[in-house]
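Undergrad: Need coordinates for the following:
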Amino acid sequence: MTSMDDIRALQEELQRAQRSGSLVRLSERNCVQLVQKLLDMGLIELLYTTDGKQYLTPAQLEREVQDELVVQRGRVNLVDLQQTLNVDLVHIENAVGRIVKHDGNLHLVQGELLSAKYLDGVAEEVNDILQENGQISVPDLCSRFGLPVAFLQQQVEQRVGRIVHGQLDVDERDLLYTSAYVARQTARVRGVMSGVTRPTPLAALQQRFEFHGRLFMKAVQELIASKRLAGVLHGRGEKAVFVPDLQSRTQDRWIQAFYRENHYIEYDAVSRLGLSDPKGYLQSRIKGGLACPTCYVSMELVEKLNAEVEEALTSNTWLELLSVLPSPFTSADALAVLHRTPIWKTMGAKAHVFRDAYVCSPQLLNSCLEMFKDEIEKRAAANAALLPKAVQPQPGAAGAAAPPAAAAGGAGDDDDDDDDGGKGKKKGKGRRGPKASAAAAPAPASGATGGKKGGGAGAGASGRGAGESAAFMQQSEIVAQLRKSMSDCPDELLEDFADTLAKPLNDSYQAALRNVFLQSETKSRKVFDELQEDFRSTFTNTRLFLAGLEQFSEEPVPLHKHLLKTLGTDLINIMIRLQAEEHMAKYDATEEFTPSTRAEILKQLPSKTTQLFTDLTQLLSGKSAAPFLEAVESAAGALQLYLRKADKKADRQILFNHRHSLLQLLAAETRPAAVLHLIVSLLFQKATGCMVSAPGKCVPLLVSFLEGKVAPAVHTRLVNAQTRVMALLRRDDADSASAGGAGAGAGAEEADSSLQADMEELKKLVTAKADEE
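TA: Residues are numbered from 1 along each chain as shown. Below you'll find the predicted structure:
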């Protein structure tokens, strides 16, 4: 056990060691290096001063910050601490953050450190101001203390009742009042409001007597609730109006009496009584009414309008709403009452309302549409006449009509001219094509430049473009038409009817036009198909007639020219008409298809097509039909016109039909020249198996060709008949040149009788041979 002597000895030894000097001293540089080494090793934590001459620990910095806060009486700026403590601002902020975190009585606000003691002092100063003024606003104090509103309000609320002797406003927590101030304000409000004898806006009283807004409204409400003030408030906020009880009772009696008598009351009338919110007043005082834009309406008036509207809708007529309602009502009021009626809830979706003042039955508008039905059909038909369309073709088959026409030409001509067969051919076939393909002028603004084969699509597109671009009627025309049947209807309502009917009328009109267009399209397609069939039949007949001409040993130029003039011209005309249908060319369908008509159409066709027809037309003046027929076949391929391939069976049927037609004409014919023409044609077909198309003047050429092809006796009789027919024709010409043939004698009549007899024998001969076959 160590004794006290030992302890005293150790103390003395320590004192001697402390008094003795150090044998080894460290320089300042060595000390700095040692400290830096310790810092690098993390054994110590030190902070530099801004001049770098001193070290201090974070704990020392926190103590100095707290000491400086005490020196500054509880409020210090961090920037000032930097200058005072000679430490970088970053270190001070870190130190302050640690202090505030561990000490709840300190606050860091906008770069300043505040203590609770300082804030208590602020609260005491706020209380002094409050007691002096009676009421203060926290935002007004912020500029004085240099603190944020939210922070200052929070600190003041924490000290209300303890340091700050007052009360916070319930709605606005940034207002402070003293009890004495509230009592004074309530007394002033009670005095002012007790002297009010008529409806007065609270905003006017507040402005005149400089009441505090919220305290004033609160005091008025409390006084009315406690029955201290006899009256009521109408409206809210700035629109609130105080109505004394006496005035309120008088106003209420007048309003109730007017409402019971008239079943409505205007807001303007209520406003003139001094009420700023008449709509709210009426809704609160009179239950079960309807609040309209300018008046308050009873349900009796609603039922009255309901009955009138129901009658109008069920009787298919119209009703002016303002004629049923009182005169002060506006269109907006009438519409509001209408929407409240029971009938509107069931039938309102179908009914029509115009100008917010007229109710119309849907059946009335439907009947108005029916009024225009005839006019729609009439106008659609009239406008359809302007659309591109084809005229109905004449009856008769082209293939069967051509052969008898070839013979009828000679039978119908007493002259030995080149028109004998030509006239017959034109009547039977040649003129049918141009007349059947004549088209009306296209409608203006059709916009169609072409169409697909058949002409139907082109015509339909053109028609739809013209029809849909034009309205059925202008509004003034519709109004004029409606006025004829609805003379009692106002002009403004008729104009609304016209606006409503314009679209359905135009739709109906367009539908009628489309129907006409479709019919026209069908007809155009039918005509195009018939033209194509006509073209194929005419081409086949031309080919067969050309085969007959090839039987001659020498080229029969007159017969070739006749074939080109008749069937060749018909082929070109049919082809031009087909192109006119396809390209919607305009030409007069009522006129004969002449070269000028052909030229007019060619101007409207593409240049390539025009050149093709020009080349074909030049071939018509040739001496042989073979090159022309080849050119037609080539042109048909270029124009995409289908031609059937040669079919022997079909050709035999055409030959048979041709012969049958000639025999029918022969049986009915009595004129010698015509009989001879038909007999020669029949014998030519029997001898060669081919058809022939020849004019009357070429009959001698056919008779010469038949020599050696028929029995000599038959040929001799043909030559004799030809000689006698030609003598007969010359005699008829001479008689025509004299006094109408009055000099004809008995010898001539006997010669005619003899010729008639020979013709009958030839007819029997040919008919008998045909029967044998």
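
Undergrad: for the chain, which helix is longest?
TA: Longest helix of the chain, by residue count under DSSP state H: helix 491-549.

Undergrad: What mean pLDDT does that one get?
TA: Mean per-residue pLDDT for helix 491-549: 80.

Undergrad: moving C-terminal of it, what's the next helix or strand?
TA: Downstream of helix 491-549, the next assigned helix or strand under DSSP states H and E is helix 557-563.

Undergrad: so how far is that following helix off the chain centroid?
TA: The chain centroid and the centroid of helix 557-563 are separated by 64 Å, computed with CA atoms, centre = their mean, to the nearest Å.

Undergrad: Quick test: name the residue nearest the centre of the protein.
TA: With distances taken as CA atoms, centre = their mean, K503 lies nearest the centre of the chain, 13.6 Å away.

Undergrad: And it, how close does it get to N383?
TA: Applying CB to CB, to the nearest Å, the value for K503 to N383 is 19 Å. Heads up, the C-betas are built off the backbone N, CA and C, glycines and all.

Undergrad: M473 now?
TA: In terms of CB to CB, M473 sits 13 Å off from N383.

Undergrad: Please identify every residue contacting each of the two.
TA: Residues touching both M473 and N383 (CB atoms under 8 Å, 6 or more residues apart in numbering): none.

Undergrad: pLDDT wise, what is I265 at?
TA: On the pLDDT scale, I265 gets 91.

Undergrad: What strand or helix carries it?
TA: strand 264-266.

Undergrad: Quick one: distance of that strand to the chain centre.
TA: 46 Å.

Undergrad: following that strand, which helix or strand comes up?
TA: Going down the chain from strand 264-266, the next helix or strand is helix 267-271, by DSSP H and E.

Undergrad: Show me the contact partners of that following helix.
TA: For helix 267-271, contacts defined as CB under 8 Å, 6+ apart pick out 255, 258, 278-279, 281-282, 294-296.

Undergrad: ok, now with 6 Å
TA: For helix 267-271, the external contacting residues (CB atoms under 6 Å, 6 or more residues apart in numbering) are 278-279, 294.

Undergrad: what's the answer for stretch 214-223, then?
TA: Here stretch 214-223 makes contact (CB under 6 Å, 6+ apart) with 185-186, 189-190, 206, 229.

Undergrad: What is the burial count for E124?
TA: By other CB atoms under 10 Å, 12 other residues sit near E124.

Undergrad: try D356
TA: 15.

Undergrad: what does the model give it for pLDDT?
TA: The model reports D356 with a pLDDT of 76.

Undergrad: Do I have it right that it meets S331?
TA: Yes - D356 is within contact range of S331, at 4.0 Å (criterion: CB atoms under 6 Å).

Undergrad: pretty sure H107 is in contact with L114, am I right?
TA: Yes - contact criterion CB under 6 Å: H107 and L114 qualify, at 4.6 Å.

Undergrad: The two - which one has more neighbours?
TA: The residue with more neighbours, out of H107 and L114, is L114; 22 against 18, by other CB under 10 Å.

Undergrad: tell me the SS of that one?
TA: What DSSP: H, G, I helix; E, B strand; the rest coil gives for L114 is strand.

Undergrad: what pLDDT does A385 get?
TA: pLDDT at A385 comes out at 50.

Undergrad: go on, T610?
TA: Looking at T610, the pLDDT reads 85.

Undergrad: i'd like the first residue to be 27 from this point on
TA: OK, 27 is where the count begins now, so the last one is T636.

Undergrad: Which of the contacts of helix 293-297 are buried, as a ChimeraX select command?
TA: The ChimeraX command for the buried members of the contacts of helix 293-297 (criterion: 16 or more other CB atoms under 10 Å) is given here:
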select :304,305
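
Undergrad: quick one: which of the contacts of helix 293-297 sit in strands?
TA: Assigned to strands by DSSP state E, none of the contacts of helix 293-297 qualify.

Undergrad: Restricted to helices, list the contacts of helix 293-297.
TA: Using DSSP H, the subset of those located in helices is 304-305.

Undergrad: and which of the contacts of helix 293-297 is nearest to S274?
TA: P304 (13.7 Å; CB to CB).

Undergrad: Can you report how many residues neighbour the closest residue to the closest one other than its chain neighbours?
TA: Spatially, and ignoring its direct neighbours in sequence, P304 is nearest to V296 (3.5 Å; CB to CB, 6 or more residues apart in numbering). V296: 23 surrounding residues under other CB under 10 Å.

Undergrad: cool, and Y285?
TA: Neighbour tally, Y285, other CB under 10 Å: 18.

Undergrad: Could you measure from the residue nearest to the centre of the chain over to M499?
TA: Noted for K529: a distance of 12 Å to M499, by CB to CB.

Undergrad: And Q211, by the same measure?
TA: 76 Å.

Undergrad: what ranges do the helices span in the stretch 27-176 of the chain?
TA: 30-45, 54-66, 84-97, 104-111, 115-128, 142-159, 164-171, 175-185 (DSSP state H, counting those that start in this stretch).

Undergrad: closest one to I250 among these?
TA: Comparing the helices of the stretch 27-176 of the chain against I250 with CB to CB, the closest turns out to be helix 142-159 (28.4 Å).

Undergrad: Centre of the chain to that closest one, how far?
TA: Computed by CA atoms, centre = their mean, the chain-centroid distance of helix 142-159 equals 74 Å.

Undergrad: do stretch 33-49 as well
TA: On CA atoms, centre = their mean, the centre of stretch 33-49 falls 113 Å from that of its chain.

Undergrad: I'd like the mean pLDDT over that stretch, please.
TA: pLDDT averaged over stretch 33-49 gives 76.

Undergrad: Low-confidence ranges, the stretch 77-226 of the chain, go.
TA: Within the stretch 77-226 of the chain, the ranges that satisfy pLDDT under 70 run 195-199, 223.

Undergrad: Mind doing that once more with 80?
TA: 77-81, 156, 159-164, 166, 187, 192-212, 214-216, 219-226 (pLDDT under 80).

Undergrad: can I get the contacts of stretch 240-249 in TSV with neighbour count?
TA: Shown next, in TSV, are the contacts of stretch 240-249 (neighbours: other CB atoms under 10 Å):
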residue	neighbour count
Q211	19
T212	18
V215	24
R216	15
Q232	20
L255	22
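
Undergrad: Can you tell me which of those lies closest to R697?
TA: For the contacts of stretch 240-249, the nearest to R697 is Q232 (127.8 Å; CB to CB).

Undergrad: what about G734, is that helix, strand or coil?
TA: With three-state DSSP as the criterion, G734 reads coil.

Undergrad: any idea how far V740 is from it?
TA: With CB to CB as the criterion, G734 and V740 are 11 Å apart.
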